[in-house]
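> no sequence for this one, just the structure:
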């Protein structure tokens with residue numbers, strides 16, 4: 001069953017998987033950001049924009065979820081100065097309850113990547129709790145990576161907001177005049193890949209004696225979509241036979257009980 005305890009029209013049934021099951025599938029990650037009417041969910045502030053971009057095996061797929069939401073309440077002036085979203089713009093947008101099922105289907109089961117995760121998750125969980133009598137926090141059905149915590153661990157004592165990380169990792173944020181959930185999610189995806197060493201080129205600075213953290217610059221290298229696939233070189237018949245013989249030797253040394261041959265486990269029980 002899905003988050004709401006039923007299968008909604010047009011939405012697939014969700015099944016829980018064991019850790020072993022997940023290891024056999026591609027790693028699906030969702031980079032997520034929200035914009036809100038104010039800073040404190042405890043004061044009744046609500047979500048007005050959700051932006052999510054999908055990565056599979058650390059590659060952006062082009063799939064995304066983006067939705068503006070009518071919060072049915074005023075937006076703090078300070079918040080408007082940050083994201084530029086007004087109630088006039090949101091007046092004809094759907095309520096959260098109308099987009100919740102689509103959001104849940106898009107993110108559930110994935111690993112979420114969020115900058116300052118407690119803020120976004122606090123608002124999302126509060127919205128979802130209003131829609132079901134048996135709420136489950138998102139952290140119960142999605143793994144979560146907080147890039148702010150990650151950045152503070154890698155760069156203690158330094159500024160680690162998104163703009164600072166863009167400057168540090170040379171990620172282009174020139175279009176970020178105002179905050180926007182989808183744009184920020186796209187930028188955060190680039191920052192996350194740079195922070196974790198994915199799809200980057202490493203260059204030494206001119207001063208090789210520079211302290212750690214200044215000695216290398218990371219730049220994201222986008223691979224062309226029309227690039228040729230990597231060649232797959234299959235093992236020869238002789239190589240496969242040699243491999244099988246090596247596995248036989250390992251199995252013999254283990255007394256014939258090896259996990260990659262289930263029939264041997266049954267025979268010794």
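Now that the structure is in, tell me what you want to look at. Because the structure is a prediction, the values reported are computed rather than measured.

> what about the longest helix in the protein?
Among all segments of the chain classified by DSSP state H, the helix with the greatest residue count is helix 237-253.

> What mean pLDDT does the strand or helix carrying residue 61 get?
Element membership for residue 61 (DSSP states H and E) is strand 59-68. Strand 59-68 comes out with an average pLDDT of 94.

> Buried residues, the longest helix of the chain. List them.
Going by neighbour count (16 or more other Cβ atoms under 10 Å), nothing in helix 237-253 comes out as buried. C-beta coordinates here come from the backbone N, C-alpha and C atoms, glycine included.

> and it, what does it pack onto?
Under the contact criterion of 3 or more Cβ pairs under 8 Å, 6 or more residues apart in numbering; DSSP states H and E, the helices and strands touching helix 237-253 comprise an empty set.

> ok so, going back, give the next helix or strand downstream of the strand holding residue 61.
Downstream of strand 59-68, the first helix or strand assigned by DSSP H and E is helix 77-83.

> Now do that following helix: which elements does it pack against?
For helix 77-83, where contacts count as 3+ Cβ pairs under 8 Å, 6+ apart, the packed elements are strand 28-36.

> Run the angle between the strand it packs on and strand 59-68 for me.
For strand 28-36 against strand 59-68, the angle by axes from the mean of the first three to the mean of the last three Cα atoms, to 10 degrees is 30 degrees.

> What strands flank strand 28-36, and is each parallel or antiparallel?
For strand 28-36, the paired strands and their directions (DSSP bridges) are strand 47-56 (antiparallel), strand 111-114 (parallel).

> quick one: contacts of stretch 81-97?
Residues from elsewhere that reach stretch 81-97 (Cβ atoms under 8 Å, 6 or more residues apart in numbering): 35, 46-49, 67-72, 74-75, 80, 127, 130-131, 178-180.

> just to revisit the earlier point, among the strands paired with strand 28-36, which is nearest residue 245?
Shortest distance between residue 245 and these, using Cβ to Cβ, is found for strand 47-56: 36.6 Å.

> Buried residues, the closest one. List them.
The neighbour-count check on strand 47-56 (16+ other Cβ under 10 Å) flags 47-55 as buried.

> Could you work out the most separated pair of the residues you listed?
Within those, 48 and 55 form the most distant pair, 24.8 Å apart (Cβ to Cβ).

> residue boundaries of the strands in the stretch 151-269 of the chain?
Secondary structure of the stretch 151-269 of the chain (DSSP state E, counting those that start in this stretch): strands at 200-204, 216-220.

> ranking those by mean pLDDT, which is last?
Averaging pLDDT over each of these singles out strand 200-204 as the lowest, with a mean of 39.

> in the stretch 151-269 of the chain, which spans are helices?
Under the criterion DSSP state H, counting those that start in this stretch, the stretch 151-269 of the chain contains helices at 162-168, 181-195, 237-253, 262-268.

> Which one of those lies nearest to residue 144?
Nearest to residue 144, of these and by Cβ to Cβ, is helix 181-195 at 12.7 Å.

> elements contacting the closest one?
Using 3+ Cβ pairs under 8 Å, 6+ apart as the contact criterion, the neighbours of helix 181-195 among helices and strands are strand 28-36, strand 47-56, strand 59-68, strand 111-114, helix 147-154, helix 162-168, strand 216-220.

> repeat that for 7 Å
Here helix 181-195 is seen to pack against strand 28-36, strand 47-56, strand 59-68, helix 147-154, helix 162-168, strand 216-220 when contacts are counted using 3 or more Cβ pairs under 7 Å, 6 or more residues apart in numbering; DSSP states H and E.

> I'd like a version of the ones you listed in TSV, one that adds distance to residue 241 as further columns.
Listed next are the helices and strands packed on helix 181-195 as TSV, based on distance: least, Cβ to Cβ, whole Å:
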stretch	distance to residue 241
strand 28-36	37
strand 47-56	35
strand 59-68	36
helix 147-154	46
helix 162-168	51
strand 216-220	44
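
> Could I get the strands paired with strand 28-36 in TSV, plus columns for distance to residue 139?
Shown next, in TSV, are those (distance: least, Cβ to Cβ, whole Å):
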stretch	distance to residue 139
strand 47-56	16
strand 111-114	9
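
> Could you point out which of the ones you listed sits nearest residue 226?
strand 47-56 (18.4 Å).
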